[in-house]
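In: have a look; sequence and predicted model below, questions after that.
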Amino acid sequence: MSERKNLDPAGLAAGGTAANLPQGYGSAAPRELWRRAIHHRSFVAGGVLTTLLVGMAVVSLFWTPHDPTRINIRHRLVGPSLEHWLGADQFGRDILSIIMAGAQNSIIVGVVAVGIGMSFGVALGLIASSNRGWVEELIMRLCDFMYAFPAILLAILLVATFGSGAINAMVAIGIFAIPTFARLSRANANAIWSREFVLAARASGKGTAQITVEHILPNIMSVIVVQATIEFALAILAEAALSYLGIGSQPPTPSWGRMLSEVQTLVFLNPWLAVYPGAAIALAVLGLNLLGDGLRDLLDPRLVRKR
């Protein structure tokens with residue numbers, strides 16, 4: 001779960017080494033982009049799974065089959081039925097209701113964690129790219145230092161130090177997404193700084209900060225968006241891991257990871273108790289990764305291929 005993917009739009013860099021962006025990255029006409037999107041298997045599959053995840057979370061804001069926090073011992077460990085479509089857990093709570101409400105928690109954690117990582121990481125990457133010398137070295141060495149430790153292990157350390165809870169979990173997960181976005185932004189921004197239109201902007205009297213905001217950032221945003229989908233999936237996995245260990249989202253907030261933790265002693269008696277939350281996590285992560293893979297292919301003309 002601590003393993004991270006660095007997206008290289010040119011497909012040539014390894015280990016954080018910068019590569020030149022292909023001409024026309026993310027510049028396809030909307031109509032052509034849509035035509036390719038609906039015929040791209042990974043994008044369509046990922047889009048469907050991600051839409052189901054978001055739709056389930058939205059629906060659970062207004063309706064669930066039962067109250068996901070209500071305990072009913074009379075229905076303890078009942079199997080799937082008309083009343084409980086996926087059965088009930090050891091406390092008599094409706095499993096489908098908990099999974100639907102747990103989707104809210106996963107999305108909130110993902111949005112906040114990715115927002116933290118992307119905001120600070122992209123800013124640091126752009127600063128490093130536009131300020132060569134000791135500033136760049138300092139930022140990159142700090143990122144290397146953070147990469148030297150397993151992300152999930154340090155997230156556990158932070159949460160254990162500052163206290164359990166969803167907020168601390170989101171902050172911890174977000175912090176360790178920062179170096180990924182920083183290195184990605186720097187690598188791609190370095191390729192943009194050598195372009196003719198940037199030299200023309202310099203010649204017109206624009207400063208470094210203005211060029212960064214008006215020219216560099218818009219040209220790397222497509223890469224950042226694709227990486228954000230991957231980090232979103234990793235955030236869901238990390239939150240599930242922290243909740244499984246009891247230091248993530250706390251009761252009564254529904255959490256897929258805590259569902260797995262609560263039923264681990266009953267898995268041989270009632271295996272469906274672990275199958276449902278496990279499948280929810282797997283499908284959510286699979287959908288986001290397929291969506292990211294599809295976006296990468298669609299936004300980079302050099303990676304267009306029939307599937």
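Out: Looks like it arrived, so ask away.

In: only C-alpha atoms from now on, for both contacts and neighbour counts.
Out: Noted.

In: which parts of the stretch 51-200 of the chain are helices?
Out: In the stretch 51-200 of the chain, the helices defined using DSSP state H, counting those that start in this stretch lie at 95-130, 134-147, 151-162, 166-175, 178-193, 196-203.

In: now for the ones you listed, which one comes closest to Ala88?
Out: Across these, Ala88 has its closest neighbour in helix 95-130 (5.3 Å, CA to CA).

In: same for that closest one, what does it pack against?
Out: With contacts taken as 3 or more CA pairs under 8 Å, 6 or more residues apart in numbering; DSSP states H and E, helix 95-130 sits against helix 41-62, helix 134-147, helix 166-175, helix 178-193, helix 217-244, helix 256-262, helix 272-299.

In: report the distance from the shortest one to the chain centre.
Out: Okay, so that is helix 256-262. Averaging C-alpha positions (CA atoms, centre = their mean, to the nearest Å) puts helix 256-262 20 Å from its chain's average.

In: packing partners of that helix?
Out: Judged by 3+ CA pairs under 8 Å, 6+ apart, the packing partners of helix 256-262 are helix 95-130, helix 217-244, helix 272-299.

In: same deal with the second one?
Out: If you count contacts as 3+ CA pairs under 8 Å, 6+ apart, helix 134-147 packs onto helix 95-130, helix 178-193.

In: before we move on, back to that, any chance of the helices and strands packed on helix 256-262 in TSV, with mean pLDDT and mean neighbour count too?
Out: Shown next, in TSV, are the helices and strands packed on helix 256-262 (pLDDT from 0 to 100; neighbours: other CA atoms under 10 Å):
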stretch	mean pLDDT	mean neighbour count
helix 95-130	93	23
helix 217-244	91	23
helix 272-299	90	21
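
In: next, format those helices as CSV and append distance to Ile152.
Out: Formatted as CSV, these follow (distance: least, CA to CA, whole Å):
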stretch, distance to Ile152
helix 95-130, 13
helix 217-244, 7
helix 272-299, 16
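
In: in this structure Gly115 contacts Ile175, no?
Out: No. With contact defined as CA atoms under 8 Å, Gly115 does not count as touching Ile175 (10.1 Å).

In: and the gap between the residue nearest to the spatial centre of the chain and Ile156?
Out: What sits nearest the mean C-alpha location of the chain, by CA atoms, centre = their mean, is Phe232, with 0.8 Å. From Phe232 over to Ile156 the distance is 18 Å, taken as CA to CA, to the nearest Å.

In: with Gly117 instead?
Out: Using CA to CA, Gly117 is found at 17 Å from Ile156.

In: again with Gly205
Out: Distance, Gly205 to Ile156, using CA to CA: 48 Å.

In: looking at those two, which one has more neighbours?
Out: Between Gly205 and Ile156, counted using other CA atoms under 10 Å, Ile156 has the larger neighbour count: 20 against 10.

In: now do the contacts for that one.
Out: If a contact means CA atoms under 8 Å, 6 or more residues apart in numbering, then Ile156 has Leu242, Ile247 as its contacts.

In: can you check Ser42 too?
Out: Shown here is Ser42, whose contacts under the criterion CA under 8 Å, 6+ apart are Leu290, Leu291, Asp293, Gly294.

In: for it, give its distance to Asn289.
Out: As judged by CA to CA, Ser42 and Asn289 stand 9 Å apart.

In: next, the buried residues of the helix or strand of the chain with the lowest mean pLDDT.
Out: Least confident element among the helices and strands of the chain, by mean pLDDT, DSSP states H and E: helix 30-38 (a mean of 75). Buried residues in helix 30-38, defined by neighbour count with 16 or more other CA atoms under 10 Å: Arg36, Ala37.

In: contacting residues around it?
Out: With contact meaning CA under 8 Å, 6+ apart, helix 30-38 is reached by Phe43, Val44, Gly294, Leu298, Leu299.

In: okay, that helix in PDB with CA atoms only?
Out: This file holds the C-alpha atoms of helix 30-38, laid out as PDB (Å, rounded to 0.1, in the frame of the first residue of the first chain):
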ATOM      1  CA  PRO A  30     -12.700  18.000 -27.400                       C
ATOM      2  CA  ARG A  31     -14.700  16.200 -30.100                       C
ATOM      3  CA  GLU A  32     -11.700  14.000 -31.000                       C
ATOM      4  CA  LEU A  33     -10.900  13.400 -27.400                       C
ATOM      5  CA  TRP A  34     -14.500  12.300 -26.700                       C
ATOM      6  CA  ARG A  35     -14.500  10.000 -29.700                       C
ATOM      7  CA  ARG A  36     -11.400   8.300 -28.400                       C
ATOM      8  CA  ALA A  37     -12.600   8.200 -24.800                       C
ATOM      9  CA  ILE A  38     -15.800   6.200 -25.600                       C
END
